[in-house]
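In: show me how the following folds:
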Amino acid sequence: MMSLDSITLYLVATMVAALLGAMMVFFGKQENSPALKWWGTAYLLGAASVALWTAAGERLGPHLYLALNAVGFVACGMVWNAARVFHGRKPNWPGLVLGALAWVAAVTLLDPTASMLRMIIGAGIVSVYAAVTASELWVERRKSLQRRWPAFVVPVMHGCVLMLPILIGSFLRPHDAGFSSSIWVTVFAVELVLYAVGTVFVIFMLVSERTVTAHRTAASTDPLTGMLNRRGFSEACGRVIDREAKAGRPVTVMIFDIDHFKSINDRFGHPAGDEMLRLFSTVVVSNLRISDLSGRIGGEEFAALLPCSLEEGVLVAERVREAFETSGVVVDEGPVDTTVSIGVAGGPAGTELEVLLASADTALYQAKRGGRNRVEAAEELPLSLENWRRQSAARVGAPQARPVTA
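Out: Purely as a prediction, here's the structure:
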């Protein structure tokens, strides 16, 4: 009776794995997720190999039995490649079959009685696949350890659990009484069912987390320039300002406005205007440090936040202005003027972003009124945002700003 129970449990486990594999392949096609397709196919192959091994065993003949074992190692290789594809890397085709080839070579060349050595080689192959799979899923160290550890443990378990039935079959044949009556085999069959369900849960958790992150990134990114949009810029700046406030360091904000941008659209068309925006975003990013933030906060208006003093920010703004002016854009109708007006404002540690933007906007207005293609630094922060909004609407009574010469 125990023999029937063990075989039944293994068949149930393979049916569950096959069902979950088919589900992952289906959702992989629905969501256009290559990684899910790889994982699902690996499940299907693994389930097929274990099912055939359980039902037929050596009755398939030595060659088919050897090939059946090799399929399990290919499934392990597919799990590794699924992790690679999940992180945007290309599949490693030689590595996919290397484990299976190594197993076939070992079984062919070794003495048929060296069953222990074959088991060690098989376990070693699975361990290598498990290790490289775990390392692939551990790549995104931006995640907290608490949320990343299941992705590290699961591939290790996956390789071991998937291959253990085949490795056991090298010693404990289905017709052996020890194999059929072993309570450990029954427990292992139950664990295989639970593992299959748990593994798919973790895989979908990883894919779902990736999808949510992609949507969140898209919601905070300007599609034309690839920079942060107003929402993303505000959220990122809030984090930087809080960090700098704890350290007691000042921050500086600058607002850029491309001069006469509407005339560029009118004269050369919107495609030329879009190209101008992309060019300017490249100039800004190229002249800022990796610790600085920048974004497109409106039509032709950009902003940046730098964890530095006002004096340092003015130097950076001037560098951006000069780089854009000398970018040398030429269209069929001739050269295009590439100039930008910049307002800069700095504040002590903990100054709110809206206050800094208000002051920088006032300085930008001064730059435009002073002839454009220039940098203006605000000398003081607005007393209140409400007063600044009223002043901006009327454009009168703005705080004085000092010009910055090249």
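
In: so for the helix or strand harbouring Thr282, what gets flagged as buried?
Out: Using DSSP states H and E, the element containing Thr282 is helix 270-287. Across helix 270-287, burial judged by 16 or more other CB atoms under 10 Å covers 272-273, 275-277, 279-285, 287. No exception for glycine: its C-beta is placed from N, CA and C like everyone else's.

In: now it: average pLDDT?
Out: The pLDDT scores in helix 270-287 average 90.

In: show me what that helix is packed against.
Out: strand 251-258, helix 261-268, strand 293-298, strand 301-306, helix 310-325, strand 329-331 (3 or more CB pairs under 8 Å, 6 or more residues apart in numbering; DSSP states H and E).

In: my read is that Ala272 contacts Asp266, right?
Out: No: in this structure, Ala272 is not within contact of Asp266 by CB atoms under 8 Å, at 10.2 Å.

In: for Ala236, which non-adjacent residue is closest in space?
Out: Leu293 (5.3 Å; CB to CB, 6 or more residues apart in numbering).

In: per-residue pLDDT of that neighbour, please?
Out: 94.

In: for the protein, which residues score under the pLDDT cut-off?
Out: For the chain, the stretches flagged by pLDDT under 70 are 1-6, 57-58, 116, 139-192, 195, 330-334, 380, 382-406.

In: show me it divided up by domain.
Out: 6-219, 230-381 (the TED database).

In: tell me, how many residues neighbour the residue nearest to Glu325 when sequence neighbours are not counted?
Out: Nearest residue to Glu325 in three dimensions, chain neighbours excluded: Thr339, at 5.5 Å (CB to CB, 6+ apart). Residues within reach of Thr339, counting by other CB atoms under 10 Å, total 13.

In: hmm, who's touching the helix or strand hosting Arg231?
Out: Taking DSSP H and E as the criterion, Arg231 maps to helix 230-247. Helix 230-247 is touched from outside by 219-221, 227-228, 250-251, 253, 293-298, 303, 305, 307, 349-353, with contacts defined as CB atoms under 8 Å, 6 or more residues apart in numbering.

In: how far is it from where the chain is centred?
Out: 22 Å (CA atoms, centre = their mean, to the nearest Å).

In: among the buried residues of helix 270-287, which two are most distant?
Out: Farthest-apart pair in those is Ala272 and Asn287; separation 22.7 Å (CB to CB).

In: could you check how far the nearest residue to Pro307 once chain neighbours are set aside is from Arg319?
Out: Nearest residue to Pro307 in three dimensions, chain neighbours excluded: Glu244, at 5.0 Å (CB to CB, 6+ apart). Glu244 is 21 Å from Arg319, where distance means CB to CB, to the nearest Å.

In: isn't Asn373 right up against Arg321?
Out: Yes: in this structure Asn373 lies within contact range of Arg321 using CB under 8 Å: 7.0 Å.

In: identify the contacts common to these two.
Out: 339-340.

In: thinking again about what came up before, look at Glu244 and Arg319 and report which has more neighbours.
Out: Set Glu244 next to Arg319 and count neighbours by other CB under 10 Å: Glu244 wins out with 18 against 15.

In: so how far is Phe302 from that one?
Out: Taking CB to CB, one finds Glu244 at 21 Å from Phe302.

In: tally of neighbours for Val316?
Out: 22.

In: circling back: so for Asn373 and Arg321, which sits in the more crowded spot?
Out: Arg321 (23 against 19).

In: got the contact list for that one?
Out: Listed by CB under 8 Å, 6+ apart, the contact set of Arg321 reads 339-340, 342, 373-375, 406.

In: at 7 Å instead, please
Out: Going by CB atoms under 7 Å, 6 or more residues apart in numbering, Arg321 touches 340, 342, 375.

In: next, the last one: phi, psi?
Out: Reported as degrees, to the nearest 10, the phi and psi values for Val375 are phi -110, psi 130.
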